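Chemist: Structure of the sequence below:
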Amino acid sequence: MERCWQPLLLLWLTVGLVKNNETVNCSCSTHQLTANFTNKHLQVIPENSENVNVTKLMIEGNLITLNDTDQQALASYPSLVELHLDANWITAIPAKYFSVVPNLRVLSLARNNISSLHPQAFSDLEVLTELDLTHNLLTSLPAQLISGLNKLQVLNLQGNPWNCSCPLLTIIGQIDAANVTMGGPQVICASPAEQAGRDLLNAAALYSTLLPSVTPDPQKPKTPVHPQQTSGPSVIMTTTQSTGQNNSTSKDPTPALGNTWKFTASVAILAVATSMLIVCAVKGPSWYKLFHNYRHRQLQQEVEEGDEDFVSTEFSATGRHPTHQTFSFEPMNRQIDEEQEEQEYFEDPYIRREE
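Modeler: Presented below is the predicted three-dimensional model:
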């Protein structure tokens with residue numbers, strides 16, 4: 001019996017050793033496909049110096065900013081399929097930054113400080129299926145965000161202060177029309193005030209329903225350009241606009257004729273007023289002096305004529321023997337002086353009583 005159990009025991013031990021070797025090989029192969037640098041306080045992405053076929057790179061909770069050195073390091077992972085850059089110091093995504101890893105299918109940029117995206121930030125990622133932009137500082141998206149992302153299926157946008165104005169709602173409508181699933185019920189508008197607190201996807205859906213009634217059909221402006229020019233009013237409008245453009249582009253700097261006379265008249269009036277002011281300022285004192293002298297002479301002549309009337313007067317006697325008698329009088333000024341002296345002298349009644 002013991003001889004029978006010994007072969008069975010050896011067979012069982014052999015099977016166990018084979019299974020352990022398989023599990024060890026599997027873990028080794030998994031280690032070769034995944035590189036995990038989470039919470040290593042890294043400032044740059046480490047390069048793949050051993051040329052290992054890493055397909056999943058996790059660099060979360062570090063100090064990565066996505067500079068030129070980081071792009072060169074990413075180029076050393078040509079087989080990369082998943083890239084996780086969560087919780088780093090990324091603020092912007094330059095143009096075609098991830099073009100060095102064209103096989104990328106999953107890209108996670110959550111919990112960063114991204115406030116702007118270049119319109120060609122994700123160009124050349126033709127097989128990208130999932131993009132995570134949650135919990136950043138994005139307020140809008142570039143119009144060419146999904147241009148070239150033909151395989152994109154999931155786009156996570158929650159946790160951003162979205163400005164739900166017409167440009168963003170238009171872009172969200174285009175993304176939704178491309179059958180891309182956008183993340184969850186927590187995609188909330190932060191501005192403008194009338195949209196604050198509303199769900200971004202609902203606002204975009206409402207905007208898309210109102211859009212056809214507000215904007216014309218984009219195919220119509222192409223065909224009716226020539227027929228509109230045949231009508232009278234439209235011809236007048238187009239010709240006036242073209243002449244206005246020609247005048248604006250001409251090199252002649254002269255103003256229009258309708259305003260030339262106004263400018264000339266204002267300059268002439270200003271010149272005349274200025275010259276009159278200067279003449280008055282220069283000749284005014286001399287004119288005033290002449291006027292003062294003339295007035296003084298008139299007053300002096302009037303005084304002299306009055307004195308002659310008091311000095312001499314001729315009387316002619318009437319009779320048989322006509323004779324001329326001349327009487328002369330002293331000037332009135334002397335008489336006035338004597339009268340003043342007489343008025344100043346008076347008798348005191350008290351003195352007369354004492355006498």
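Chemist: Can you get me a residue count around Thr264?
Modeler: The number of residues packed near Thr264 is 10, by other Cβ atoms under 10 Å. Glycine gets a C-beta too; all of them are placed from N, C-alpha and C.
Chemist: Near Ser147, how many other residues are there?
Modeler: Per other Cβ under 10 Å, the neighbour tally for Ser147 reads 13.
Chemist: contacting residues around it?
Modeler: With contacts defined as Cβ atoms under 8 Å, 6 or more residues apart in numbering, Ser147 is in contact with Pro119, Gln120, Ser123.
Chemist: from those residues, which is closest to Pro192?
Modeler: Relative to Pro192, the closest of the contacts of Ser147 is Pro119; by Cβ to Cβ it sits at 23.3 Å.
Chemist: Please verify my assumption that the closest one contacts Gly148.
Modeler: No - with contacts counted by Cβ atoms under 8 Å, Pro119 stays clear of Gly148, the gap being 10.9 Å.
Chemist: Asp86 falls within a helix, correct?
Modeler: No - read with DSSP: H, G, I helix; E, B strand; the rest coil, Asp86 is coil and lies in no helix.
Chemist: was I right about it contacting Val106?
Modeler: No - judged on Cβ under 8 Å, Asp86 makes no contact with Val106 at a distance of 11.9 Å.
Chemist: More neighbours: which of these two?
Modeler: Neighbours per residue, other Cβ under 10 Å: of Asp86 and Val106, the larger number sits with Asp86, 19 against 16.
Chemist: want to try JSON lines for the contacts of Ser147, with secondary structure and pLDDT as columns?
Modeler: JSON lines is the format used below for these (DSSP: H, G, I helix; E, B strand; the rest coil; pLDDT from 0 to 100):
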{"residue": "Pro119", "secondary structure": "coil", "pLDDT": "93"}
{"residue": "Gln120", "secondary structure": "coil", "pLDDT": "94"}
{"residue": "Ser123", "secondary structure": "coil", "pLDDT": "92"}
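Chemist: Closest one of the residues you listed to Ala271?
Modeler: Nearest to Ala271 among the contacts of Ser147 is Pro119, at 59.3 Å by Cβ to Cβ.
Chemist: just wondering, since we're on the closest one, how far is it from Ala143?
Modeler: Note on Pro119: its distance to Ala143, by Cβ to Cβ, to the nearest Å, is 7 Å.
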